[in-house]
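Q: here you go, sequence then predicted model.
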Amino acid sequence: PAPEIKVKDINTKDSGKIVKIQGWAQNIRRMKKQDFVDITDGTTCRKVQLVLQKNSFDLSKLSYGSSLKATGSIASAPNGNPEIHTEEFEVLNECPLKEENGYPFTPKQSHSPDYARDYPHLRSRVDYMAAIFRIRHRTLMAIHNFMDKNDFFNVNTPILTANDCEGAGETFKVQPDNVDLLKDMARPEVPLEDSYFDKKVFLSVSGQLHLEAMTYGLGNTYTISPAFRAENCKSPLHLSEFHMFEAEMGFIDQLDQLTDFVQKLIKETSLTVLEKSSEDIVLCHKKFGERDFHWLNKNWVTMTYKDAFDILQSHKDQFTTVLKEDEGFSKEQEMFLVSHCESPVFLVDWPKQTKPFYMKESQEDNSKVAAMDLLMPEVGELVGGSLREDNYESLKAKVPSGLEWYLELRRFGGFPTAGFGLGVERYIQLLAGVKNIRDVIPFPRYPHGCKV
Ligand code: 4AD
Ligand code: MG
């Protein structure tokens, strides 16, 4: 039998070779002597053309989107692209046309992202959506490879947690749906709805605290995990369920060690993705608008929160959102800083009250913490991180109840650590140029949106 080949591997260099190919029909052109069927199999945004001699095959069930298999010889088409001169052809399953109340997509492929979003279970077949999901894969692999190369251990942090790491009260509470089970397990000292775990349990907003515990035994660690946030926010940069790439590094006591690492990580992984996914990136940029990556070739700006505030203050008439000292910045203000500096911006030394309890107080000014946010073009905040409070007494004074185990880390051989979290979906938005975060995750969850 002919060896099976994937569309991504078909090359005119192999002209004459007989191969088997399977996939889905795209454009179908019926000419006088021959029929032409473009086929895709998801491995690349390229399609390969099958050439079928007229009246040699049963094409009765062939339509846009139908699955098929074919055998034939690789050849070079007049335009130089590879094609397959078909010898055997079979439609595996038909795909009823849109006009007949069937498949929502048509060969035009000009469907808007808004339209495709109505069919989460079908949209991976739309060319630019498949391209985004391949870019997503490349991005995750680039991160894993970079971290492995830099001697970080990949660990899994739990989804079910009893802490609200960020302290923002944006947790989803988890409890069994089975009331009989709860009654069965009830204890007098805990409310019935919390009786499965004997405490309130949430979907994790961040794996950081557990990751830190692992770093105390393994040194440098990272995780790429789902994170859940109950925000009533319909923004194109927020999801209720997203993925966070978090890293913790041991024996780090300067914020610029952290920002240097993040800058290197993002530059290196971006270059890898742009190279390995170049065709998919071009396709996305055609669909969503051109992007330039000038930020890859310069040193990024680092600026204190105070300096950023002063810049924003002197331009405050331009903003629709109110600028308040010590309350953090709005998306609009973040984007202003990035374009004002013509560079990604590390904002450092944040007012203590804007940030969670685990951040280390600045040595020079204890109203500040050694925190950094990285602001990027297109998406604003991409990364948040800090030096971690490693002083037992300082941490004891601010640790929320229930996190005694976290405090204990500092009691037994505590050491200086630092870490960060990067929003994976925002990173993919940045690389692929996608405006709405709901289009870079296969099955988006957002307020009033848990469709499929
Ligand atoms: O700034 P955040 O909240 O930081 C943390 O959770 C820390 N515990 C991370 C750490 O130090 N280990 O979130 C980190 C990043 C943000 O910069 C943003 O890119 C992304 O996660 N993010 C979201 N992405 C999509 N939808 C949401 N609702 C997001 N919230 C945060
Ligand atoms: Mg943040």
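A: Received, thanks. Ligands and ions are numbered 1, 2, ... in the order given.
Q: now the helices for the stretch 351-452 of the chain?
A: 392-398, 404-411, 424-432 (DSSP state H, counting those that start in this stretch).
Q: all helices of the stretch 151-300 of the chain, in order?
A: 179-185, 208-218, 255-276, 278-288.
Q: for the longest one, what is the average pLDDT?
A: Mean pLDDT, computed over helix 255-276, is 98.
Q: do the same with the second one
A: Helix 208-218 shows a mean pLDDT of 98 in the predicted model.
Q: so how many other residues sit close to Arg445?
A: Using other C-beta atoms under 10 Å, Arg445 has 15 neighbouring residues. Where you see a C-beta, it was placed from the backbone N, CA and C, and this is true even at glycine.
Q: those residues of the stretch 301-450 of the chain touching ligand 1, which are they?
A: Residues of the stretch 301-450 of the chain found near ligand 1 (C-beta under 6 Å from any ligand atom) are 381-385, 419-421, 423, 425-426.
Q: please redo it, this time with the cut-off set to 8 Å
A: 356, 358, 373-374, 379, 381-386, 419-427, 437 (C-beta under 8 Å from any ligand atom).
Q: related to what we said a few turns ago, out of the helices of the stretch 351-452 of the chain, deepest packed?
A: helix 424-432 (a mean of 25; mean count of other C-beta atoms under 10 Å).
Q: leaving out chain neighbours, which residue sits closest to Gln257?
A: In space, and not counting its chain neighbours, Gln257 is closest to Ala418: 7.0 Å by C-beta to C-beta, 6 or more residues apart in numbering.
Q: who's in contact with the one you found?
A: Ala418 sits next to 248-249, 252-253, 255, 257-258, 385-388 when contact means C-beta atoms under 8 Å, 6 or more residues apart in numbering.
Q: buried subset of these, written for PyMOL?
A: Only the buried entries of the contacts of Ala418 go into this PyMOL selection, using 16 or more other C-beta atoms under 10 Å:
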select buried, resi 248+249+252+255+258+385+386+387+388
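Q: tabulate the helices of the stretch 351-452 of the chain (CSV), appending mean pLDDT.
A: Below are the helices of the stretch 351-452 of the chain laid out as CSV (pLDDT from 0 to 100):
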stretch, mean pLDDT
helix 392-398, 95
helix 404-411, 96
helix 424-432, 98
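Q: ok, which of the ones you listed comes nearest Glu342?
A: Proximity to Glu342 (C-beta to C-beta) singles out helix 424-432 among the helices of the stretch 351-452 of the chain, at 16.2 Å.
Q: quick one: the closest one to helix 278-288, angle?
A: 90 degrees (axes from the mean of the first three to the mean of the last three C-alpha atoms, to 10 degrees).
Q: counting contacts, what elements does helix 424-432 pack onto?
A: Contacts defined by 3 or more C-beta pairs under 8 Å, 6 or more residues apart in numbering; DSSP states H and E place helix 424-432 against helix 127-149, strand 241-250, helix 255-276, helix 278-288, strand 380-387.
Q: which non-adjacent residue is nearest Lys360?
A: Leu387 (4.0 Å).
Q: show the contacting residues for the one you found.
A: 252-255, 258, 359-360, 370, 416-418.
Q: Lys331 too?
A: 235, 237, 380.
Q: before we move on, what about Gly384?
A: Residues near Gly384 by C-beta under 8 Å, 6+ apart: 371-374, 420-421.
Q: any chance of these in a markdown table, with neighbour count too?
A: Formatted as a markdown table, these follow (neighbours: other C-beta atoms under 10 Å):
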| residue | neighbour count |
| --- | --- |
| Ala371 | 25 |
| Met372 | 25 |
| Asp373 | 24 |
| Leu374 | 22 |
| Phe420 | 26 |
| Gly421 | 22 |
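Q: ligand 1: which of those residues is nearest?
A: Ranked by distance to ligand 1 (C-beta to the nearest ligand atom), the contacts of Gly384 are led by Gly421 at 2.5 Å.
Q: isn't that closest one right up against Ser206?
A: Yes: counting by C-beta atoms under 8 Å, Gly421 does reach Ser206; the two are 6.1 Å apart.
Q: between those two, which contacts overlap?
A: Common neighbours of Gly421 and Ser206 (C-beta under 8 Å, 6+ apart) are 227, 244, 246.
Q: per-residue confidence for the residue nearest to Gln257?
A: Confidence score, pLDDT, at Ala418: 98.
Q: mind starting the numbering at 729 from now?
A: New numbering, starting at 729: the last item is Ala1146.
Q: so how far is Glu1136 from it?
A: Per C-beta to C-beta, to the nearest Å, Ala1146 is found 20 Å from Glu1136.
Q: thanks a lot, see you next time.
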